[in-house]
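[1] Sequence plus predicted model, see below.
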4 protein chains.
Amino acid sequence: MIRAGIVGGTGYTGVELLRLLALHGGVEVVAITSRAEAGRRVDDLFPNLRGYYELVFAEPEVSLLANCDVVFFATPHNVAMQLVPELLAAGTRVVDLSADYRIRDASVWSQWYGEPHSSPQLLEQAVYGLPEVNRDSIREAQLVACPGCYPTAIQLGWIPLLARGLVAPAELIASAASGASGAGRQAKIDNLLSEVGGSFKAYGVSGHRHLPEIEQGLQDVAGGPVAVTFVPHLLPIVRGIHATLFGRLLEDDTDLQALFEDYYRDEPFVEVLPPGMFPQTRTVKGANRCQLSVMVPQQRDTVVVMSVIDNLVKGASGQAVQNMNIMFGLPETQGLELIGLLP
Amino acid sequence: MIRAGIVGGTGYTGVELLRLLALHGGVEVVAITSRAEAGRRVDDLFPNLRGYYELVFAEPEVSLLANCDVVFFATPHNVAMQLVPELLAAGTRVVDLSADYRIRDASVWSQWYGEPHSSPQLLEQAVYGLPEVNRDSIREAQLVACPGCYPTAIQLGWIPLLARGLVAPAELIASAASGASGAGRQAKIDNLLSEVGGSFKAYGVSGHRHLPEIEQGLQDVAGGPVAVTFVPHLLPIVRGIHATLFGRLLEDDTDLQALFEDYYRDEPFVEVLPPGMFPQTRTVKGANRCQLSVMVPQQRDTVVVMSVIDNLVKGASGQAVQNMNIMFGLPETQGLELIGLLP
Amino acid sequence: MIRAGIVGGTGYTGVELLRLLALHGGVEVVAITSRAEAGRRVDDLFPNLRGYYELVFAEPEVSLLANCDVVFFATPHNVAMQLVPELLAAGTRVVDLSADYRIRDASVWSQWYGEPHSSPQLLEQAVYGLPEVNRDSIREAQLVACPGCYPTAIQLGWIPLLARGLVAPAELIASAASGASGAGRQAKIDNLLSEVGGSFKAYGVSGHRHLPEIEQGLQDVAGGPVAVTFVPHLLPIVRGIHATLFGRLLEDDTDLQALFEDYYRDEPFVEVLPPGMFPQTRTVKGANRCQLSVMVPQQRDTVVVMSVIDNLVKGASGQAVQNMNIMFGLPETQGLELIGLLP
Amino acid sequence: MIRAGIVGGTGYTGVELLRLLALHGGVEVVAITSRAEAGRRVDDLFPNLRGYYELVFAEPEVSLLANCDVVFFATPHNVAMQLVPELLAAGTRVVDLSADYRIRDASVWSQWYGEPHSSPQLLEQAVYGLPEVNRDSIREAQLVACPGCYPTAIQLGWIPLLARGLVAPAELIASAASGASGAGRQAKIDNLLSEVGGSFKAYGVSGHRHLPEIEQGLQDVAGGPVAVTFVPHLLPIVRGIHATLFGRLLEDDTDLQALFEDYYRDEPFVEVLPPGMFPQTRTVKGANRCQLSVMVPQQRDTVVVMSVIDNLVKGASGQAVQNMNIMFGLPETQGLELIGLLP
């Protein structure tokens, strides 16, 4: 059994990790931390877990965590980077669900997150945990930086086209929408049901923190500069991300449906829908799955890709477990055989 | 033109008052206060009001408010009772949407609200602003205490039966449900869309603050003690209260449909639906209206009354305007000819 | 492997059965029928199932179904009762999720369902599939009638009190609310998002078809007549039932919390929450679980029980699988280790 | 008083027209038709209208309608074009909310709507009822074709840019999302709350019927060919459209904020939000208002415009009343002083 710790277990990615790990079969969660809830039973805060855990939230101390084979950080940014150096030194492997190690350039990180990076020496070493791109490096990694939710949905949609040079890389457009759980379990007026319910809006249009991450990932695939206009929107639902991607086609001979199907044929968690079927967020609710459609409306020269994930699963905790499976040599799908809750 | 002030204009009852008063025709809002937002334009916070107000939030100072003909308190409890004595002394009339003057007995108030009442001498003088019961007293009142949202829906449903002594007063049961806006515009995890969305629960079962208010109002009508088992629930919607009331019938000869229709025949804002039609919260969304149904399922001896209101309108700001209209001798329906937004 | 067939696989209980059975481990679904969709791939209609089934909808023919070890009916009423006699004769066991065999008295059935019962001779033989009451009979049953969703939530809440004679059996009140999936996957204006979304209402107040089923089940437990005033409401959510039960206590010496905990101590799918914690529908979303709270507000003489289930799981397809597990001697929890999707 | 008739009064644009006209002050609705509901009281179907109308649905007969000063068609396509010729001949003016007269080229209409146009001779005469573009022609029109909901939101967003030639007209991208009421009050599985609730998806990507209407309108403004890639999405809310528009800027010297503010300075129902504020659908819920934001993210060369309307008001019935006001010489804002229901 892999002995796992979770830092920051009171948020939505924390409870989702607990849901997935409870039934994983190869992992025992031996420590879960929260400053605010230290001493409280986990299933008192999250009664869906009753019967599955006897855990109590503990203070986040390195001595406790270093005792684990793997530690998940389900924290806001700027927490992991304080603790990870010591954990790595102790031989513990880390799967960071936060943004701390996603951007390779510390100055870019600082520009978007508004503070200096406290362990920039680890940025080179951290592996960006998108298995569909970096599976081999993840296998050996000590430190995996799980992608953000939008970046997961958007990159998986663009990659087949950019890898083949089929779209103009400087004119990419991503219109995406997320459920409210993406904003985390924090007391903010902006995320009240009374503010968000029955409404829809764009936000962060001038620059969302996921933008540099998206561009970095796509540049790696494209082998050159890309520019993305990224407009996120807030959906009045709890879970789900839908990305609608627009690109200018550079040639029109390729069978895009076949291209996508080939590209993801062996991926256990990425699916290309048949022509004419478009993805819905509900289809992947609770599942570690990305569903994609590609088409060229009106036979013009703009390609449209649609991509859906559950932001808390393939966009966060499910992908974290997938990374852990790869890191520890387990079957990649272990504990992730989940079917979307439809309806 | 009546010169009106609003204390606590950043909450949901505040913005709803502004919506109603903008089109009222007989009122000018000359002052609106908020400590937190002082200096900010009202329509910057509430862009639905753009074009209707040039107002800027001000600090809540008595000098400013005493200059008004009427001041509305759209505040949490424990604010009005600090300022009202001075305002009344200055001759300003007050419509308090908060709980401060709803309970006549200061010790009961303190027991439920957890602090001493700072102006108990006004409790006798305050008129409980349920126009269907107290219209005449409201006309002359200096200080009107607007009923809570649940108490409005529940009392209007019980009154015809209790006034006629048709149900057992010590066995009343009220199962009610409210939209999330009833919890106010406050940063609390419990009211996040991610917590409330797509879910339903009871809360406050051991004792909700509206219970003593409901029992006080019903006792006045029944002319003796009543006991209500009141279970509120939280709906994953923004606006609306639905109360389902159960009572043991003391006789079975009365035509309850006719009783209800007669009782409310002249009320502009209470409607009894035809037999077989049940109220929906959406039907009164945005409207100052209570819709009621009454029936005896299976011809047994339990009567069921269903009552709906928009918690922010007939349950708060609309009723406040209705009270103001009565206090100032305007037509009671002025500014309140609003039709529910269906769908 | 148990060979299973599903009749009526295009509805919500059908797709939910498929979700549960895909990961069950002891069952192979070998046939699924639908007149309307015959010839269409199941995962074309329900893309959440892609990768888990190669099944195609077939015409509902007895020859196909009689070949199964067990056949689930996920149909509207009046379908199972046409086919079940032949299937039983062929030695196939049947788990009926519809209402056809829930009521023991054929004349009562006809009165509520508006047509004669076509196989009343089987009503005696059918076992009512509430495992918490009838586990032993289910084990040997050829034909199990799965309880309705409301009856499951409501009976589990009342049973401990009625079994001990603690509440007045003729004055039971059940105020319950269901998500829209309870109405099935049928094209009706009343269930459009535009009709139901953002609203709440009671329905079926004069008499819901689940009423005789609830009363029959409770009478068995109480050992005498009961009368329930049952008011169902429609929630603007997809999944979940919440029942709020009110009863007049006949004595006040019993520790009700302890009573409930004792009563359900060994039940794998019924949980009594600690004092002061109330159930939420989201906590059991997707899980085969009933969570209960019991309390006596204000120390008066009315007891309140709150009960939640997912109407499609413990209220339908999960309970059907639970029954199948019992019938075939499998561990009762096999395939049902599901954790509620919170948030 | 203008005597108005409504054809097809059982849909959502019908009930919304009734809501608006009830309080208009200058209009009396004298006839409302519905084949399916003929003989039924209007307020029995739509109880939000109780107290405002005594109307009963009638069969749609020309003799009844020709008696009106103006007839609104709140019907699916292919109804108005059967009746309008006779009404115009009788001197009745027509405001058609359906698609029948929006496209000037009958063959284009037939291609998108799948049937021949039965009164193509009127297409030239019909005025496209977007007052911000065609106010003068509307004044004199006998027949006004109200724009579709998406076309209203999208055109109002693009027009200032296209009128000035600031964006590449052949590369326009519109990613838009609509509440479910846009699909009408029709019994379809696809629009059930259980299908749509808590989910999000694109639809009609290969070609939505509003595309030719959008391109026709934008070409008029641009003075040359335009091409729009239009992807509509379905929101799990009742009301509201949000359009996010992307265009390649042809120059970067223009102050776009000032351009938009100037362009719409005198428009009563179009508002440009201050820099940094983005529109929300809830802000215009129930109001005849379009709110717009414009910005250039990251100072690159892609402009983003966000546009919101209530699909049933500025996207349908409100715009219809606005057109009627213009046609009959009333103040354009009469009956349309409505404030969005926030929250």
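    Noted; the coordinates are in hand.
[2] Chain C contacts on the stretch 101-250 of chain A?
    Residues of the stretch 101-250 of chain A that fall close to chain C, judged by CB under 8 Å from any CB of the partner chain: A:181, A:185, A:197-198, A:238-239. To be clear about C-beta, it is placed using only N, CA and C from the backbone, and glycine gets the same treatment.
[3] Please repeat the previous calculation with a cut-off of 10 Å.
    Contact residues, the stretch 101-250 of chain A versus chain C (CB under 10 Å from any CB of the partner chain): A:179-181, A:185, A:197-198, A:236, A:238-239.
[4] Pull the most distant pair out of those.
    Farthest apart among those by CB to CB are A:185 and A:198. That separation is 21.3 Å.
[5] These two: which is more packed in?
    Per other CB atoms under 10 Å in any protein chain shown, whichever of residue A:185 and residue A:198 has more neighbours is residue A:198, with 25 against 18.
[6] Name the residues of the biggest helix by length in chain A that come out as buried.
    Assignment by DSSP state H gives helix A:149-163 as the longest helix of chain A. Of the residues in helix A:149-163, those buried by neighbour count under the rule 16 or more other CB atoms under 10 Å in any protein chain shown are A:149-162.
[7] next one: stretch A:32-50
    A:32-34, A:37, A:41-43, A:45-50.
[8] nearest to chain D, of the residues you listed?
    Taking CB to the nearest CB as the measure, chain D lies nearest residue A:48 of the buried residues of stretch A:32-50, at 17.0 Å.
[9] OK, contacts around the closest one?
    Contacts for residue A:48 (CB atoms under 10 Å, 6 or more residues apart in numbering or on different chains) come out as A:15, A:18-19, A:22, C:280, C:282-287, C:289, C:291, C:338-343.
[10] what do you get if the cut-off is 8 Å, keeping everything else the same?
    A:15, A:19, C:282-284, C:287, C:339-342 (CB atoms under 8 Å, 6 or more residues apart in numbering or on different chains).
[11] Throw those into JSON lines and include distance to residue D:57, thanks.
    Output for those, formatted as JSON lines (distance: CB to CB, whole Å):
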{"residue": "A:15", "distance to residue D:57": "52"}
{"residue": "A:19", "distance to residue D:57": "52"}
{"residue": "C:282", "distance to residue D:57": "41"}
{"residue": "C:283", "distance to residue D:57": "45"}
{"residue": "C:284", "distance to residue D:57": "44"}
{"residue": "C:287", "distance to residue D:57": "46"}
{"residue": "C:339", "distance to residue D:57": "51"}
{"residue": "C:340", "distance to residue D:57": "46"}
{"residue": "C:341", "distance to residue D:57": "44"}
{"residue": "C:342", "distance to residue D:57": "46"}
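[12] got a markdown table for those residues, with pLDDT, distance to residue D:125 and secondary structure too?
    Output for the contacts of residue A:48, formatted as a markdown table (pLDDT from 0 to 100; distance: CB to CB, whole Å; DSSP: H, G, I helix; E, B strand; the rest coil):
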| residue | pLDDT | distance to residue D:125 | secondary structure |
| --- | --- | --- | --- |
| A:15 | 98 | 62 | helix |
| A:19 | 98 | 63 | helix |
| C:282 | 98 | 56 | helix |
| C:283 | 98 | 61 | helix |
| C:284 | 98 | 61 | helix |
| C:287 | 98 | 62 | coil |
| C:339 | 98 | 64 | coil |
| C:340 | 97 | 61 | coil |
| C:341 | 97 | 56 | coil |
| C:342 | 97 | 59 | coil |
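[13] which among these gets closest to chain B?
    residue C:282 (3.6 Å).
[14] Next, count neighbours for the nearest residue to the closest one once chain neighbours are set aside.
    Nearest-residue entry for residue C:282: residue B:199, 3.6 Å, with adjacent residues in sequence omitted and distances by CB to CB, 6 or more residues apart in numbering or on different chains. By other CB under 10 Å, 25 other residues sit near residue B:199.
[15] Let me see the contact set for residue B:199.
    Residue B:199 sits in contact with B:236, C:237, C:240, C:280-282, C:285, where contact means CB under 8 Å, 6+ apart.
[16] Farthest-apart pair in the residues you listed, please.
    Largest separation among the contacts of residue B:199 by CB to CB: B:236 and C:285, giving 12.4 Å.
[17] hey, what's in contact with both of these two?
    Residues touching both residue B:236 and residue C:285 (CB under 8 Å, 6+ apart) are B:198-199.
[18] Same drill for those two, tell me which one is more crowded.
    Set residue B:236 next to residue C:285 and count neighbours by other CB under 10 Å: residue C:285 wins out with 31 against 28.
[19] Could you tell me which of the contacts of residue B:199 count as buried?
    Buried subset of these (neighbour count, 16+ other CB under 10 Å): B:236, C:237, C:240, C:280-282, C:285.
[20] with those residues in mind, which one is nearest to residue D:334?
    residue B:236 (37.2 Å).
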